[in-house]
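# Please work out how this folds:
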Amino acid sequence: MDSTLFIIGIIGNIISVLVFVSPIPTFWRIVRSKSTEDFEPAPYVLTLLNSMLWFYYGVTKPDGLLVATVNGFGAVMETIYVVLFLVYAADQAARVKTAKLVAILDIGFFGLVFAATTFAIGGLDMKIMIIGIICACLNVFMYGSPLAAVRTVIATRSVEYMPFFLSFFLFLNGGVWATYALLDRDVFLGVPNGIGFFLGIIQLVIYAVYRNSRVKSQSNDDATSDGSASLLSSDARGHGEKNAFSFV
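Next comes the predicted model:
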């Protein structure tokens, strides 16, 4: 059982790294276009907060080195993403929205948790438990954060602004860590990751439903354009024939 848990834990760490690097194609597009377009900042702001808190948990817990390492990497990556969101915001409203989220969650909430657990809680075990509970709760929000793009997907009938790889790797991440928690009988680890696995399924189903809609829409538009062009050509030919008869 110990070896099985160890292997699953290593797989979980690898997938967690993939989760953190999965938005790179999205941000490469943002940098090239110099605009965040209709992409939502919430998933990256929440993931940054989640990474910071798990890093803090790993540093606080005596045997939490692997937790601290992978989430330290995640915090660095998510910070880069959030900075790019602020730099390339599509408009001032999007930049203000992102800045507010960062100020409230990544600075304000994390600062509050750090201050409370550092100065108001004495015992190490109690401190670890409280940080762990907060991390578990935020994991659920992190897993559900890509759902912020669902409204846009349904409204536009397009998955253009719903990053597939982020949803996919969050789905894998939740499944692997839920399996780990089930084998280890860890409720605090199992509940948020089990919920994350379920939310990941929902996101992937939505992606599957709407992934071809944009293509169909473009095909219809092309067909309409072709039809309009044919109609215009017919009209032009008709007018030409009428004019010819007039001149005669």
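# So, low pLDDT: which residues of this structure?
1, 142, 145-146, 148, 161, 213-248 (pLDDT under 70).
# domain ranges for it?
According to automatic domain parsing, the chain comprises the domains 2-211, 221-248.
# Dump these into TSV; add mean neighbour count as well.
Placement of C-beta: from N, CA and C, glycine included. Converted to TSV, the domains of the chain look like this (neighbours: other CB atoms under 10 Å):
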stretch	mean neighbour count
domain 2-211	17
domain 221-248	9
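# quick one, phi psi at Lys34?
The phi and psi torsions at Lys34 (degrees, to the nearest 10) take the values phi 60, psi 40.
# Now do the same contact list for it.
Counting by CB atoms under 8 Å, 6 or more residues apart in numbering, Lys34 touches Tyr88.
# now stretch 50-57, how far from the chain's geometric center?
For stretch 50-57, the separation from the chain centroid amounts to 17 Å (computed by CA atoms, centre = their mean, to the nearest Å).
# ugh, wrong one, stretch 85-93
Averaging C-alpha positions (CA atoms, centre = their mean) puts stretch 85-93 17 Å from its chain's average.
# contacts for that stretch?
Under the contact criterion CB under 8 Å, 6+ apart, stretch 85-93 has outside partners 30-31, 33-39, 41, 44, 95, 98-99, 102.
# Tell me the span between the first and last residue of that stretch.
Using CA to CA, to the nearest Å, one end of stretch 85-93 lies 12 Å from the other.
# Closest one of the contacts of stretch 85-93 to Phe141?
Nearest to Phe141 among those, counting by CB to CB, is Tyr44 at 12.7 Å.
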